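1. sequence unknown, structure follows:
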Ligand SMILES: Nc1ncnc2c1ncn2[C@@H]1O[C@H](COP(=O)(O)OP(=O)(O)O)[C@@H](O)[C@H]1O
Ligand SMILES: [Mg+2]
């Protein structure tokens, strides 16, 4: 089994603030890898350095055996890495159809329309809004649109940053199913960042746990689910977990 | 009849304001930079056209496309050399840079073409269209028709071409545009090229009416007022703001004491900022570029 993506000793800063402190990860081809961690742990920063939105001070990112560190994010995307950023970043005043077409911006092949239909198959709800502006969609629909738009790139690797954030349990379930299907049916490799540890561990083959900029634990998701630390802190099986989550909510409001 | 005559003059002058305002808005929407040299880019475009026609004697059907091509190159050069390095710098620094650029362009034009006003010879200059008592010069009609045609082309471009959509996408959500693989930097370069071409079109259209000298770019200040009146950030708003400023100016010239006409754009701007600070097209601005 070969690694589609390897990151080695990444360090990245926001001005003087060191956001990640030597992170290494491997994403094997065809797998779903989950990255867990409390808010502020540095998960988004890791994803941004992978997709080129941030340049790391140290360390390397290699994709399909090639160094991609420091390349522009649009170039990275054209290599087949689709990044679905946190917060449903759609093009608000383009229609759903146009949003999806923008996902295929770099493609010149003739199968774009077929892929458009495929995305509507995965997300039938979007089909009824093709001409509406994305800003008029609900949060869950926007998240689906963002994922669908990423699919239009025909990616080899999809990076998802907290796709479940702010969605109803039903929608979380639906998005989980779709990620599972994409991985099984299309052979899509997935790097999934989640606060929702249950979702991440259920979906993932392998998992990493981050705390204040470092990877503190890694194992198969099956084994991570059994680990008592994980159960306490992330699956909320003790008071500590609940308190931790409350603190997270407070932080959400001032950020 | 006089009023219709005035309205037509107002509309044709307003079209020029509107085109320059369009350039402001395009660049602002995409890069959040305000290019105060937009009027001077128009001046440069007019001089390039004069060079090709009057000085080098090219026929206008070569000179006009060549001017647009040269000015697209100028736009690209400005972006690459001056404004791309300014991405992420404070707004006032960019503002100062564009004001400085205006000074440089005016000085350059003075050095190359002198400060004597020059005329751009277009084939339609001098003819008039008579509709009853109303007499309209073809150069005014050309401004109105040219602007209308350009607006139509722009609408088609932004609505139906992939590059046009990508420009909108990059303006609406830069990060997401990067993540879907849109070469955002190249798109910004095209936006600068497009706004320089639009400025050049404004210059070519207006040059037969008002002679060209190195200072005609100051009309950009009125166009800037027009862009704000239109909602700064809306393309239809820019054109409408321009038309409004042009018409109000003519009416002020007719009904108010001398001197008021030149002020009227700013009075309109003030009134607008008080009664409708978001501009004419605030709601539309939320919808399309
Ligand atoms: N734009 C920013 N400017 C400054 N600091 C930031 C910025 N974004 C994130 N940080 C800091 O970097 C750290 C990691 O953030 P992030 O990667 O967003 O964490 P996560 O995605 O795990 O919640 C946090 O301490 C956060 O406060
Ligand atoms: Mg995050």
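-> On my side now, so go ahead. Please read these numbers as outputs of a predicted model, since none were measured by experiment. Numbering: from 1, shown residues only, chains lettered A, B, ... in the order given. Ligands and ions are numbered 1, 2, ... in the order given.

2. for the rest of this, base every contact and every neighbour count on C-alpha atoms.
-> Noted.

3. residues of chain B that sit close to chain A?
-> Contact residues, chain B versus chain A (Cα under 8 Å from any Cα of the partner chain): B:162, B:165-166, B:168-169, B:172-173, B:175-184, B:286-288.

4. and with 10 Å instead?
-> By the rule Cα under 10 Å from any Cα of the partner chain, the part of chain B lying against chain A is B:159-160, B:162-163, B:165-166, B:168-185, B:285-289.

5. of those residues, buried ones?
-> With burial judged by 16 or more other Cα atoms under 10 Å in any protein chain shown, the buried subset of the residues of chain B next to chain A is B:159, B:163, B:165-166, B:168-185, B:285, B:288-289.

6. I figured residue A:213 hits residue A:46, correct?
-> Yes: with contact defined as Cα atoms under 10 Å, residue A:213 reaches residue A:46; the gap is 9.0 Å.

7. mind checking which of these two has more residues around it?
-> A direct count of neighbours by other Cα atoms under 10 Å in any protein chain shown for residue A:213 and residue A:46 places residue A:46 higher, at 25 against 22.

8. from what I can see that one touches residue A:19, true?
-> Yes: Residue A:46 lies in contact with residue A:19 (Cα under 10 Å); the separation is 8.9 Å.

9. quick one, helices of chain A?
-> Along chain A, counting by DSSP state H, helices occupy A:43-51, A:73-78, A:96-103, A:112-122, A:124-127, A:139-151, A:169-186, A:197-203, A:221-226, A:228-233, A:239-254.

10. dump those to JSON lines, plus mean pLDDT.
-> Below are the helices of chain A laid out as JSON lines (pLDDT from 0 to 100):
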{"stretch": "helix A:43-51", "mean pLDDT": "97"}
{"stretch": "helix A:73-78", "mean pLDDT": "97"}
{"stretch": "helix A:96-103", "mean pLDDT": "97"}
{"stretch": "helix A:112-122", "mean pLDDT": "95"}
{"stretch": "helix A:124-127", "mean pLDDT": "95"}
{"stretch": "helix A:139-151", "mean pLDDT": "96"}
{"stretch": "helix A:169-186", "mean pLDDT": "94"}
{"stretch": "helix A:197-203", "mean pLDDT": "92"}
{"stretch": "helix A:221-226", "mean pLDDT": "90"}
{"stretch": "helix A:228-233", "mean pLDDT": "74"}
{"stretch": "helix A:239-254", "mean pLDDT": "44"}
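
11. those: which one's closest to residue B:65?
-> Distance to residue B:65, taken as Cα to Cα, is lowest for helix A:96-103 among these, at 30.6 Å.

12. quick one on the thing from earlier: quickly list what's touching both of residue A:46 and residue A:19.
-> Counting by Cα atoms under 10 Å, 6 or more residues apart in numbering or on different chains, the shared contacts of residue A:46 and residue A:19 are A:11, A:12, A:213.

13. how near is the last one to ligand 1?
-> The spacing between residue A:213 and ligand 1, counted by Cα to the nearest ligand atom, to the nearest Å, is 7 Å.

14. the second one too?
-> Distance, residue A:12 to ligand 1, using Cα to the nearest ligand atom: 9 Å.

15. list the buried residues in stretch A:128-144.
-> So, applying 16+ other Cα under 10 Å, buried residues of stretch A:128-144: A:129-130, A:132-135, A:137, A:139-144.

16. for chain A, give me its nearest residue in chain B.
-> Here chain B gets closest to chain A at one residue, residue B:181, 4.0 Å apart by Cα to the nearest Cα.

17. look at that residue and give its secondary structure.
-> Following DSSP: H, G, I helix; E, B strand; the rest coil, residue B:181 is assigned to coil.
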